[in-house]
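Engineer: Here's a sequence, model it:
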Amino acid sequence: MTDKYPVLLTADQISTSLYVMEGYMQGNDDEQLVKEIDEIFEVLEKVSDTIPTIDQDLVEAVS
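Structural biologist: Model (predicted):
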């Protein structure tokens, strides 16, 4: 299936999804499943790279 759908996830949800998928792929013998998960992983990883990080020093200075 090649249809794509917009999905709204928080940065924490993306991070958790990446963590879970990475752990699931390790040691999994199903090469096709690992390939499919890896494709999803790459998409989420690209999105997570665009999420601005919060400068903790700035947050503490404002507080």
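Engineer: quick one: low-confidence ranges for the chain?
Structural biologist: 1, 54-60, 63 (pLDDT under 70).
Engineer: What's the first helix or strand after the helix or strand hosting Gly23?
Structural biologist: Element membership for Gly23 (DSSP states H and E) is helix 11-25. Sequence order places helix 31-49 as the next helix or strand after helix 11-25, per DSSP H and E.
Engineer: Contacts for that next one next, please.
Structural biologist: Ala11, Ile14, Ser15, Ser17, Leu18, Met21, Glu22, Tyr24, Met25, Asn28 (C-beta atoms under 8 Å, 6 or more residues apart in numbering). The C-beta positions use only the backbone N, C-alpha and C, and glycine is treated the same way.
Engineer: Among these, which one lies nearest to Thr53?
Structural biologist: Each of these was checked against Thr53 using C-beta to C-beta; the closest is Ala11, at 9.1 Å.
Engineer: Settle this for me: that closest one is touching Pro52, isn't it.
Structural biologist: No: between Ala11 and Pro52 there is no contact under C-beta atoms under 8 Å: 9.2 Å.
Engineer: more crowded one of those two?
Structural biologist: Neighbour count, other C-beta atoms under 10 Å: between Ala11 and Pro52, Ala11 has more, with 13 against 6.
Engineer: and the gap between the more buried one and Ile40?
Structural biologist: 17 Å (C-beta to C-beta, to the nearest Å).
Engineer: helix/strand/coil for Lys4?
Structural biologist: coil (DSSP: H, G, I helix; E, B strand; the rest coil).
Engineer: Which phi and psi values does it adopt?
Structural biologist: phi -120, psi 150 (degrees, to the nearest 10).
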